[in-house]
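Novice: quick one, fold the following:
(chains A, B and C)
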Amino acid sequence: MALFEVPKRANRLIDAKIAKSANKKVTVAPTIVRGGGSILDKINLIKSTVEKNLGQYKDEYIVITDIDVLTDYIDHAIKNNYISIDTETDGLDPLLNNLAGICIYTHGQKGAYIPVNHISYITNERVDGQLAQADVMRQFQRLSEPGSVVDIDMFNAKFDIRVLRHAGWKDAYCTWDGYLGANLLNENEEHKNLKQLHNKYCLNGQGDAFRFDDLFKGIPFTMIPFNTGYLYAAHDPVITTELCEYQRKWLNPNSDREDMRKLFWVMENIEMPCVQVVCDMEDNGILFDMNYQEELTVKYNKLLEDEVKEFSDILKMYDKEITIYRKANPNNKLDDPINIASPTQIAILLYDILGLDSGDKKSPRGTGEEILSKMDNPIAKAVLKYRELSKLVNTYIDKLPNCINPNDGRIHCSFNQYGAKTGRMSSSEPNLQNIPSHNKDIRKMFVASDGYVLMSSDFSQQEPKCLAALCRKQGDSQMYDTFMRGKDLYSEIASKAFNQTYRECLEFMTDEDGNWLYDEHGERITYKAGKERRTQAKSILLGVLYGRGEASIGEQLKCTTKKAHEIKESVFRGFPAIKQFEQDSLDMAYELGYVTTVCGRKRRLPDLQLDEFEFIWRDGAPPQDDLLDFDSEPDAEVPIDKQKYYLKRLKGTWGSSKRKVFDEANKEGIWIVDNGGKIADATRQCVNSRIQGSAADLTKLAMIELNNNQELKELGFRLLIPVHDEVIAECPIENVKECSKLLAETMSKAAEKILEMPIKCDVEITREWYGEELKF
DNA sequence: CAGCTATGCGCC
DNA sequence: AAAGGGCGCATAGCTG
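Specialist: Here you go, the predicted model:
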């Protein structure tokens, strides 16, 4: 039977990608061993290759198969108060795969590999001569005993912690994760895997280029003879140590640099404590309702089918035109029938056959939602409807069941703790942070465990409050004061911008004392003029936070760009804090090369320091009249006066006149690099990163508090999914009241501690995610 | 065939 | 003149 049966995963490609980036061995087993060779051949190849390339290191590393040797090693670790750990497994899912062995290192010892579950590639049975897993785990347990909590370095700790937990060390932990350290030190790092980081920072980029990932590909590590594998495996904890030590030279509470002391604070108080939270959430997973999914798949596949039929019916109306086009263009890219899912084919249909205009200069052949929804055309409508449905079916309804863990019926996604350069988390396999919320059906596939209820809580106005706190730090407490007085920020901005009273800028009617007025149904009464003023102010503020342009804001507010500009100017006049924040952030990025969040997390924006134009010789050197003149030194720099000349010509130009100047320069061999786009991007990012990053700080801090709250733990409360400004959790039904109160309180307090202003959190309790609200 | 980019779209 | 920040993932379509 299949020797390398590996649990079915949603997407093997993704596993491989993630393994690559996290530097875990790719052990996704293919059904066919490549090159047609047998497993035996493959393993023999691995043996000889490792022997040949790493044989010289034979004495640098050891295999531990003796309990006394292991005990002694752990003794040393405890004495050193230090160990680095890396695990090898037969797959990438800690819930489904097994520990192969553990790699450890501490100073004064050799890098060591402790094989635990290696199996024979011939008999498929556990190989003799390995220590029993329980005995090994007992030794590791000594590291976490009260009074002897030893510092532990890892790389991508959440993986190893979860593997070790399931192998029996329930208290597995990590005090320094090189992956998180690397992100804090440079979120723009191109390669965030252990070997490349180590090579770059510890070996000056001069490290061995030999890579083993491809070598081991297709063979589970458990099947590699450990007397071969250790040469490869035992190297990792050593370089983990070196990398982490390098990072600690920078991320240090005693650094003479203020920015680094703050970054250390983030490492110690946010990122490292967050690791356990992520481990818990991934282990928890969320229950998936397969019965409901089956209902949905029937319902939506039917709708999808109908839409495809509808499309083909519509096409019949244009049959003549399409036939003519096919004949006139024998090499056309149209399938028969036309593929509704192909943007290329839809573009041909709309623009070449029907001769429509996209109305968008930037993408004249675009078929995006924005363009199609403006067309009054049955094809455009059908395409949009089809996309909506196919998205739901292909990405969610019919895909999610593949992600269910067969052992517990739950979906355990993966969280990338530093998924975004701003510090936000991301989620994948599957992504649980982009489950549709507009459509109420989809989220309901996710349900509470039996006897539990789902509980979600979100920060209200998290980002504007971050903005207010950042402005206050810079000496402007205009927004901070607004929040401290419990006022609605958007209404207050509108009031100042449009010279109206606060009451005149509220969404709903109030009496003279500021109390809401209600209609006969007990609903607040909308105040149209106030609502409009508030909406305008809100658009401007959020537009600033996202770096949005005036044209785009005008579109949103259904007014002209000119009008949008005027509104923006009024807002800036009435609330100078907003404009000041923009300017301060830009100055900060320009001078320092980075911006910071409320907690001191950095976002480096090197592009902001670029010159708008760069001048280089197109062929590496100025054109030479005498091609045989090899003696004269080529002048690498374009002469300053030439640069000045073109800069002057370029001043204030755009579009075609800009291109004209480029062409002119090109004629004399000068290549002008236009960095305008990059600078514009960085300009938008620099404002947004501070806000988004600060919000991420708060959410992470809140999650840590929630997860560490002893009371909540005892009440059976558990975090399931963070969605940027909100958390989804569950708790036993009988503890709803206590849990929801503690949830809101704990979250608020965590954020208030940083922002120093009142933060409200709204809790919703349901059986299904986004289902009917339950009252208690 | 795998692996890549482009396009498009779900969420906050 | 126009200008949306941050993600993950599906399909199409190209390339080696």
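Novice: surely residue A:454 touches residue A:732?
Specialist: No. Applying CB atoms under 8 Å as the test, residue A:454 and residue A:732 come out as separate, 12.0 Å apart. (Glycine included, C-beta is placed from N, CA and C.)
Novice: neighbour-wise, which of these two wins?
Specialist: Using other CB atoms under 10 Å, the more surrounded residue of residue A:454 and residue A:732 is residue A:454, with 26 against 17.
Novice: can you give me the neighbour number for the closest residue to that one other than its chain neighbours?
Specialist: Nearest residue to residue A:454, sequence neighbours excluded (CB to CB, 6 or more residues apart in numbering): residue A:448, at 4.5 Å. Per other CB under 10 Å, the neighbour tally for residue A:448 reads 24.
Novice: check contacts around residue A:448.
Specialist: A:287, A:454, A:730, A:766-768 (CB atoms under 8 Å, 6 or more residues apart in numbering).
Novice: swap in residue A:557?
Specialist: Contacts for residue A:557 (CB under 8 Å, 6+ apart) come out as A:535-536, A:539, A:563-564, A:567.
Novice: cool, and residue A:134?
Specialist: Counting by CB under 8 Å, 6+ apart, residue A:134 makes contact with residue A:168.
Novice: helix or strand: which one has it?
Specialist: Following DSSP states H and E, one finds residue A:134 within helix A:133-141.
Novice: what packs against the next helix or strand after that helix?
Specialist: Following helix A:133-141 in sequence order, the next helix or strand is strand A:151-154 (DSSP H and E). Using 3 or more CB pairs under 8 Å, 6 or more residues apart in numbering; DSSP states H and E as the contact test, the elements touching strand A:151-154 are strand A:82-89, strand A:176-177, helix A:235-250.
Novice: can you tell me how far residue A:105 sits from DNA strand B?
Specialist: Here the distance between residue A:105 and DNA strand B works out to 31 Å (CB to the nearest atom of the strand, to the nearest Å).
Novice: beta partners for that residue?
Specialist: residue A:84 (DSSP bridges).
Novice: I'd say it and residue A:111 touch.
Specialist: Yes. Residue A:105 is within contact range of residue A:111, at 4.7 Å (criterion: CB under 8 Å).
Novice: between the two, which contacts overlap?
Specialist: Common neighbours of residue A:105 and residue A:111, counting by CB under 8 Å, 6+ apart, are A:234, A:237-238.
Novice: tell me the contacts of residue A:447?
Specialist: Residue A:447 sits in contact with A:287-289, A:292, A:454, A:767-769, A:771, where contact means CB under 8 Å, 6+ apart.
Novice: do you have the strands of the stretch 1-150 of chain A handy? List them.
Specialist: For the stretch 1-150 of chain A, the strands defined by DSSP state E, counting those that start in this stretch occupy A:61-63, A:82-89, A:99-105, A:111-115.
Novice: what's the angle between the longest one and strand A:99-105?
Specialist: On the basis of axes from the mean of the first three to the mean of the last three CA atoms, to 10 degrees, strand A:82-89 is oriented at 160 degrees to strand A:99-105.
Novice: can you pull out the low-pLDDT segments for chain A?
Specialist: For chain A, applying pLDDT under 70 flags the ranges A:1-37, A:209-214, A:625-635.
Novice: repeat that with 50
Specialist: Applying pLDDT under 50 to chain A flags residues A:1-36.
Novice: which residue does it bring closest to DNA strand C?
Specialist: residue A:549 (2.5 Å; CB to the nearest atom of the strand).
Novice: state the distance from that residue to residue A:699.
Specialist: 28 Å (CB to CB, to the nearest Å).
Novice: more neighbours: which of those two?
Specialist: Taking other CB under 10 Å, residue A:549 and residue A:699 do not tie; residue A:699 has more neighbours (26 against 14).
Novice: is the helix or strand containing that one anywhere near DNA strand B?
Specialist: For residue A:699, the host element (DSSP H and E) is helix A:676-708. No. Contact of helix A:676-708 with DNA strand B (CB under 7 Å from any atom of the strand) is absent, the minimum separation being 7.5 Å.
Novice: centre of the chain to the helix or strand that that helix is followed by, how far?
Specialist: Sequence order places helix A:710-714 as the next helix or strand after helix A:676-708, per DSSP H and E. Between the centre of helix A:710-714 and the centre of its chain there are 29 Å (CA atoms, centre = their mean, to the nearest Å).
Novice: same thing with stretch A:737-747?
Specialist: For stretch A:737-747 - counting by CA atoms, centre = their mean - the centre lies 27 Å from the chain centre.
Novice: ok so, going back, so which of the contacts of residue A:447 sit within helices?
Specialist: When DSSP state H defines the helices, the subset of the contacts of residue A:447 inside them is residue A:292.
Novice: if any of the contacts of residue A:447 are buried, put those into a PyMOL selection.
Specialist: Buried subset of those, written as a PyMOL selection, criterion 16 or more other CB atoms under 10 Å:
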select buried, chain A and resi 287+288+289+454+767+768+769+771
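Novice: in JSON lines, list the contacts of residue A:447 along with distance to DNA strand C.
Specialist: Shown next, in JSON lines, are the contacts of residue A:447 (distance: CB to the nearest atom of the strand, whole Å):
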{"residue": "A:287", "distance to DNA strand C": "19"}
{"residue": "A:288", "distance to DNA strand C": "15"}
{"residue": "A:289", "distance to DNA strand C": "20"}
{"residue": "A:292", "distance to DNA strand C": "20"}
{"residue": "A:454", "distance to DNA strand C": "21"}
{"residue": "A:767", "distance to DNA strand C": "26"}
{"residue": "A:768", "distance to DNA strand C": "22"}
{"residue": "A:769", "distance to DNA strand C": "18"}
{"residue": "A:771", "distance to DNA strand C": "23"}
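Novice: perfect, I'm done here.
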